[in-house]
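In: I'd like to go over a predicted model; first the sequence, then the structure.
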Amino acid sequence: MEILVCAKRVPDTAENEIQLDRSGTEIGRDDLVYSVNEPDNYAVEEALQIAARTGGKVTVVTVGGEEDEEVLRREMAMGAARGVLLSDDAFEGSDGRALAAILKAYVQTEHFDLILTGVQADDGCAQVGGMLAAMLDYPFASVVTSIEVLEGRKLKIGREIEGGSKEISAIDLPCVLSIQTGINEPRYVGMRGIRQVASVPIPTLGAAALAIPPGTVGAAAARVKRQDYFVPPEGKGAEMLQGNRDEIVDKLIDLLKAKGGLN
Amino acid sequence: MDSIAGATFWLIRGRDLFLFLHLLGLACFAWIVARRLAPLLGAQRDFRLDRPLQRLGKVLQFWLLQWRHPRYRLAGVLHILVFGGFLLLASRAFAVLAMGVSDRFAAAGPAGLCGTVRDYASTLVLLCMGVMIVRRLVFRPARYGRPSADPIFLLALIGLLMAADGVFEGSQAAFHAQIEGRADLLAPWSLPWVLRAAFAGAFPATLRTVHLGAYLTHEAAFFFLLCYRPFGIQFHVETSLFSVYFAKLDRGTVKPVRWGVPDLQLDTLPSLGVKKFSDFTWKHILDFYSCSDCGRCADQCPANACGRPLSPRALSIKARDYVFHHYPVLGPSSDGAPLAGVLFSEDEIWSCTTCGACEAECPLLIEYTDKIVDLRRGLIDDGKAPQPLHKPLQALETRGNPFGKTEKKRADWAQGIVPVANGAALDTLYFVDSITSYDDRAQSIGRAAARILGRLAEKSTPSDTETQRRGGRGREDLAACASKAAASLGRVAILGPKERDSGHDVRRFGEETLFLALREHNTEAIRASGAGRIVTADPHAFNALKHDYRDVPPVAHISQVIARAVRTGQVRLNPVADGVYTYHDPCYLGRHNGIYQDPRDVLDAIPGLHRVEMQRSRDRSFCCGGGGLALFYEAKENERMGVRRVRMAAEAGAGVIVTACPFCMVNIEDAIKVAGMEGKMTAIDLAELVDRQMSQ
């Protein structure tokens, strides 16, 4: 099975102290550490596991610039056979729809049976996967937590739904799935693995190679524009439960039930 | 009486029969040993031929003098008696064997001091076997685990060998006494002496049969034992000498990924670490053979004590059984399957804190940490790091610390206390390391250490000149030397944002490539600072800088610096009012570096401080739960190591645990809370205590 995983390089929220820049519509990026968007890692791991079971290979694609090669290399060190960078000045400032359009153009240059994305990007809106499926006219499932390959170009997929329940569906290939974290345990990639793929060439495709008409992507074509970023005001802080141990435990269980943490 | 060689056994002359049996036995033994050597020859290289004198010293101390055996009193003494007995009886065994093929040796019967010593030796070994069997069957010490038939059988066989020798000699002496009226010289109350008396009334023909039968039994028992030993725990009789001679000499270090492959060429290796059996080095396989399953390592292992799925003893025995099974004495070898997940579980491999308690205990100096690290290297290379370690490892790669905090904030704790090296002349570098730089609790240790270093640096200069002026002798000489040492503290600074994690536990968790990158970065920064010496308050950093780093200035732990200042009177400490204190030896200060006394001397220099020892202290100290990446690993365990440790302190009657390691502090303070002992027990770092008690 030929599998494509769409990955994104994002500021690592665990390793950064995010601050807004002066304009208020962007974050200060000077001291940020970037890494692969975490759910995308799970998608790559899932793709590798499916490829190991059914044969075929895994391609990882990203839209961005030269600096985004590092996420492709990290995923290649995990075991992806190929990394592809979609890069063009014309792509700058694309909104979600335009990113989906760029990815769609790439998908149409090759043949993929299955396309995976992370459930959402740490700095994104969880929209590209769905739009990509719509543009390709492929079936789409989101928040996928298990995948089983069936006979006859079908998959059995599990989806996480509200309240922690699971829904099982069958879906035809080719399709687009957005992968939820926790579907697997992504393998560890050390420095040695990354060094070993350091010199593997990464093909870069621009707007021309993808036959994307000018003006359909990029900042000018964006239909969603960010107006503001803000730091939410500080809340009233933690709620301290009062009472003896049994009362506290009861109150805690009630609270967890009320908020959907327990069934 | 007929000689053995001349006697007839079922129509076969003794000489021919025993020549055949000897050769058969030796041939079997040679074959078995050759097969046992086969996996060693296919194993990884391991350079163990250097420093022969030091190695002979080890043999003298740990093999011949059985240095570590009396650490377990009864078992140790018994072993020493049996070991000594075996050494004394070795020549006797060969003489008895020779009697079977030649009369020349039969004449050299018991005589003089040698004979007496020998008679007592064999009697003693026989008695020891009896005690050991009873001990295993009746008293069943817990560390031997479930009673197993194998050791009993082996002990009985040795007993049989001794008994056969005694009967052989006793029956001959009785025969001589009866027929020839000759009284052989036998050691009073030795086995042959007792048996001669017992046989006094027997018929000469019976004595003759008993004598020949005893020889035959001796022959069978000897060669059976010889050929059976390489199948179990008794193989250590043959291999221990080599295990001890080739033992690891440099403590505190970790073996290179591949002996003979420089660090820079690691990327060229197709695979790192131990994944299949032949990835072990030959010495490590020899260790598996040498393990005599005594269980001392597991008895001391904190992971084992807290119910983690790890026991060093099981590691050796499982590996030994694996090699016996896959490299059989008869039939082809079948090896090459992965070990992790099959022979060793991943949890088992990650459960070790590398505290070194097992290695400090093993009477045969068997190595465990290097094997664990090698297995981890294999797992890391296959992408199988435990999930909770992914984030810290990645943060170490990108931010130089496992917490993912920004580099800029690395020196925030030190503002106004110690400057960051900025290119100006510098004498002493205080290497802080990650936990002290970023952890709220550990930062207090950093501030205390920095203040102490600052005050020592201030104080040293005037007292130095004063002693020089007075030109005193004796005590003042000492003081002069010491203050010169302290004076060399000079200007103290930290690397600040330029410092990265020492990588100590990155290496010990098997991420060698990342460790090398951290080491390269730090080495460059340290050398660029121009410091002539390094001081640290973190024993993990201390161990790394001392043993893992190359080409950096000499490093001292803060406890050594303080102890020196206290001994020379350069520092005077204020009295404490009350409280019972106990000192917890951090693994990487104590066991791995032998620094036990300095911190205790410092405590004892505080007037009014009442110090008690926990039962497990010094080289038997009980690990707090482990430092570095061990903080992030979620082990499967029944109880936290730290909780156990805190209870041990309470048992010793202490109300304050003094330690000298930021990781110990974090673990022990957590454990005090988990154990519900807040208010009854507190923990303080040696540096914090000294900072508090230092005269202004």
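Out: Sure, I can see it.
In: Enumerate every residue touching the residue of the stretch 51-200 of chain A found nearest chain B.
Out: Of all residues in the stretch 51-200 of chain A, A:Arg187 sits closest to chain B, at 3.1 Å by Cβ to the nearest Cβ. The C-beta positions use only the backbone N, C-alpha and C, and glycine is treated the same way. Neighbouring residues of A:Arg187 by Cβ atoms under 8 Å, 6 or more residues apart in numbering or on different chains: A:Glu45, A:Leu48, A:Met78, A:Gly79, B:Asp382, B:Gly383, B:Lys384.
In: cutoff 10 Å now
Out: A:41, A:44-45, A:48-49, A:77-79, A:193, B:382-385, B:390 (Cβ atoms under 10 Å, 6 or more residues apart in numbering or on different chains).
In: Just put those in CSV and tack on distance to B:Arg451 and neighbour count.
Out: Shown next, in CSV, are those (distance: Cβ to Cβ, whole Å; neighbours: other Cβ atoms under 10 Å in any protein chain shown):
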residue, distance to B:Arg451, neighbour count
A:Asn41, 44, 25
A:Val44, 49, 28
A:Glu45, 48, 23
A:Leu48, 52, 23
A:Gln49, 54, 16
A:Ala77, 45, 22
A:Met78, 47, 23
A:Gly79, 51, 20
A:Gly193, 44, 21
B:Asp382, 46, 16
B:Gly383, 45, 19
B:Lys384, 44, 18
B:Ala385, 38, 25
B:His390, 37, 18
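In: From these, which land in helices?
Out: Residues of these located in helices (DSSP state H): A:Asn41, A:Val44, A:Glu45, A:Leu48, A:Gln49, A:Ala77, A:Met78, A:Gly193, B:His390.
In: so what's the third one closest to, chain neighbours aside?
Out: In this case it means A:Glu45. A:Pro186 (4.1 Å; Cβ to Cβ, 6 or more residues apart in numbering or on different chains).
In: Run a quick neighbour tally on that neighbour.
Out: When neighbours are defined as other Cβ atoms under 10 Å in any protein chain shown, A:Pro186 has 22 of them.
In: In contact with whichever residue of chain B sits closest to chain A, which residues?
Out: Ranked by Cβ to the nearest Cβ, the top residue of chain B for proximity to chain A is B:Gly383, at 3.1 Å. Contact analysis of B:Gly383 by Cβ under 10 Å, 6+ apart lists A:45, A:48, A:77-79, A:185-190, A:193, B:390.
In: ok but A:Val144 is inside a strand, no?
Out: Yes - remark: A:Val144 belongs to a strand, assigned using DSSP: H, G, I helix; E, B strand; the rest coil.
In: Looks like it contacts A:Ile115 (just checking).
Out: No - look at A:Val144 against A:Ile115 with Cβ atoms under 10 Å: they stay out of range, at 11.9 Å.
In: what is in contact with these two at once?
Out: A:Ala43, A:Leu177, A:Ser178.
In: what would these look like in JSON lines with distance to B:Ser444?
Out: JSON lines is the format used below for the shared contacts of A:Val144 and A:Ile115 (distance: Cβ to Cβ, whole Å):
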{"residue": "A:Ala43", "distance to B:Ser444": "43"}
{"residue": "A:Leu177", "distance to B:Ser444": "50"}
{"residue": "A:Ser178", "distance to B:Ser444": "46"}
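In: Just put these in a markdown table and tack on pLDDT and neighbour count.
Out: Output for the shared contacts of A:Val144 and A:Ile115, formatted as a markdown table (pLDDT from 0 to 100; neighbours: other Cβ atoms under 10 Å in any protein chain shown):
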| residue | pLDDT | neighbour count |
| --- | --- | --- |
| A:Ala43 | 97 | 34 |
| A:Leu177 | 97 | 28 |
| A:Ser178 | 96 | 25 |
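In: pLDDT score assigned to residue 187?
Out: As the question left the chain open, I've gone with chain A. Per-residue pLDDT puts A:Arg187 at 95.
In: ah, I was thinking of chain B
Out: Taking B:Ala187 on its own, its pLDDT is 87.
In: A:Gly28 too?
Out: pLDDT at A:Gly28 comes out at 75.
In: Then B:Glu476?
Out: pLDDT at B:Glu476 comes out at 46.
In: A:Leu85 too?
Out: On the pLDDT scale, A:Leu85 gets 97.
In: ditto for A:Leu20
Out: On the pLDDT scale, A:Leu20 gets 78.
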